[in-house]
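Visitor: Pasting the sequence and the predicted model now:
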Amino acid sequence: MTKNHSRDPAVIEIATEIAHALDIQQPSPFEKIDHSVFSHENLWVKRDDLLHPIISGNKWRKLQISLARIIKSKQTHVLSFGGGYSNHLHALAYACHKLNITLTCIVRGNYEKSPTPTILDIRRWGGEIIYVTKSEYRQRNDAGYLKRIADHYAADVLLPEGGTCSDGIDGVATLIDECVLQGMPDVIILPVGSAGTLAGIIKGINEINANTKVIGVSVLNAGNSHYQTISELYPKAEILKNWGILTAYHHGGYAKQSQALIEFTDTVSNKLGFSLDPVYNAKSFYALDQQIKSGNLSDNDSICILQTGGNQGIRAKK
Ligand SMILES: Cc1ncc(COP(=O)(O)O)c(C=O)c1O
């Protein structure tokens, strides 16, 4: 397998410098999961949750190239989008605080009277919070709306919700370079929200011509709409046959939990010795368990589940 990246080396170099400045712990550990937790002999977890206590998991992966480009082009004011418990806004606010970048957050809903712990952190790090109605928030990808708010708040850069954009997926693709050094698995499993992380993993694997299979676990009740998103983010994915999305493990929808999921999460995170956030990782680990039990994953394959972080979101359930 050879590296064949299309990514700009100057930007990657700045991303590496930012990683040092922020004390990102790369590569993230690749740990074996004991057979007593899930009955599979060759099961691994890539602990992206340990990349950083705040910019954890896929947040660092997705933001690194966008941040590098902002620094490279000497831009100073970023505007982005998210909900009141957004892992993305939380990580971005911390990074902007450390890198002296001004941040404006467009937040869905109004938490003025009872700010979430996420919003309190963002404010503490100097981020400006603008609450908008759900109907205004729905315009977040509309070109005319984006132009108006960029002008209104004098922002130089707009980052989409979740940091999901072309630079975001290129950042995620760098995770595959680490896998190559740590032992490329036969199967990678990960949670899917906006689908940027999945698109980046598919891209990273394709760039090195590996035949690793990728299984996304949708955490929302989105039917098959992720396939469309993936082909917009990474058009080549449409012709690749090594990936798919499980759509039956959303447990009622985004941020919803079934009783079975709650019980599973408590038991399994105790056995694993690390937390599983209820919105993303609880659902992907649950799906992994079910897929092993139903015999859909071969005993001969090495399987790696990505722990994508997001532990600050656990505060939503308290
Ligand atoms: C902790 C965590 N894991 C997984 C995901 C899903 O990633 P994506 O939105 O790129 O599908 C998110 C959302 O970005 C997240 O915050």
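Guide: The structure has been received and is ready for your questions.
Visitor: And the residue of the stretch 1-150 of the chain closest to the ligand?
Guide: Residue nearest to the ligand within the stretch 1-150 of the chain (CB to the nearest ligand atom): residue 87, separated by 3.5 Å. In this view, the C-beta of every residue, glycine as well, is placed from N, C-alpha and C.
Visitor: so where do the strands sit in the stretch 51-200 of the chain?
Guide: Using DSSP state E, counting those that start in this stretch, the strands of the stretch 51-200 of the chain run over 77-82, 102-108, 128-132, 157-159, 187-192.
Visitor: Which neighbouring elements make contact with the third one?
Guide: Just to be clear, that refers to strand 128-132. Counting contacts by 3 or more CB pairs under 8 Å, 6 or more residues apart in numbering; DSSP states H and E, strand 128-132 is packed against strand 102-108, helix 117-124.
Visitor: if we can go back for a sec, my guess is the residue of the stretch 1-150 of the chain closest to the ligand contacts residue 314, does it?
Guide: No. Counting by CB atoms under 8 Å, residue 87 stays clear of residue 314, with 10.6 Å between them.
Visitor: if you count what's nearby, which of the two comes out ahead?
Guide: Between residue 87 and residue 314, counted using other CB atoms under 10 Å, the more crowded position is residue 87 (28 against 17).
Visitor: Pull the contacting residues for residue 190.
Guide: 197, 198, 201, 214, 215, 216, 217, 284, 305, 306, 308 (CB atoms under 8 Å, 6 or more residues apart in numbering).
Visitor: what's the closest of the residues you listed to residue 233?
Guide: Within those, proximity to residue 233 (CB to CB) peaks at residue 198, which comes in at 8.8 Å.
Visitor: ok now do that closest one, which residues does it touch?
Guide: Residue 198 makes contact with 190, 192, 214, 216, 226, 230, 243, 245 under the criterion CB under 8 Å, 6+ apart.
Visitor: Next: residue 43.
Guide: Contact partners of residue 43, counting by CB under 8 Å, 6+ apart, are 32, 33, 35, 292, 302, 303, 304, 305.
Visitor: so how far is residue 302 from the first one?
Guide: Between residue 32 and residue 302 the distance, using CB to CB, to the nearest Å, works out to 10 Å.
Visitor: so what sits against both of the two?
Guide: 43, 44.
Visitor: and these two? which has more neighbours close in?
Guide: residue 302 (17 against 10).
Visitor: Phi first, then psi, for the more buried one.
Guide: phi -80, psi 130 (degrees, to the nearest 10).
Visitor: So it is in contact with residue 189, correct?
Guide: No. Counting by CB under 8 Å, residue 302 stays clear of residue 189, with 11.7 Å between them.
Visitor: can you pull the buried residues of stretch 84-103?
Guide: Of the residues in stretch 84-103, 84-97, 101-103 count as buried by neighbour count, 16 or more other CB atoms under 10 Å.
Visitor: ditto for stretch 209-226
Guide: Buried residues in stretch 209-226, counted by 16+ other CB under 10 Å: 210, 212, 213, 214, 215, 216, 217, 218, 219, 220, 222, 226.
Visitor: same thing with stretch 262-279?
Guide: Across stretch 262-279, burial judged by 16+ other CB under 10 Å covers 264, 265, 268, 269, 272, 275, 276, 277, 278, 279.
Visitor: Just flag the most distant two among the residues you listed.
Guide: Spatial extent of the buried residues of stretch 262-279 (CB to CB) is set by the pair 272 and 279 at 17.3 Å.
Visitor: Just put the contacts of residue 190 in a markdown table and tack on secondary structure and distance to the ligand.
Guide: Formatted as a markdown table, the contacts of residue 190 follow (DSSP: H, G, I helix; E, B strand; the rest coil; distance: CB to the nearest ligand atom, whole Å):
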| residue | secondary structure | distance to the ligand |
| --- | --- | --- |
| 197 | helix | 3 |
| 198 | helix | 6 |
| 201 | helix | 10 |
| 214 | strand | 12 |
| 215 | strand | 13 |
| 216 | strand | 8 |
| 217 | strand | 10 |
| 284 | helix | 8 |
| 305 | strand | 12 |
| 306 | strand | 8 |
| 308 | coil | 3 |
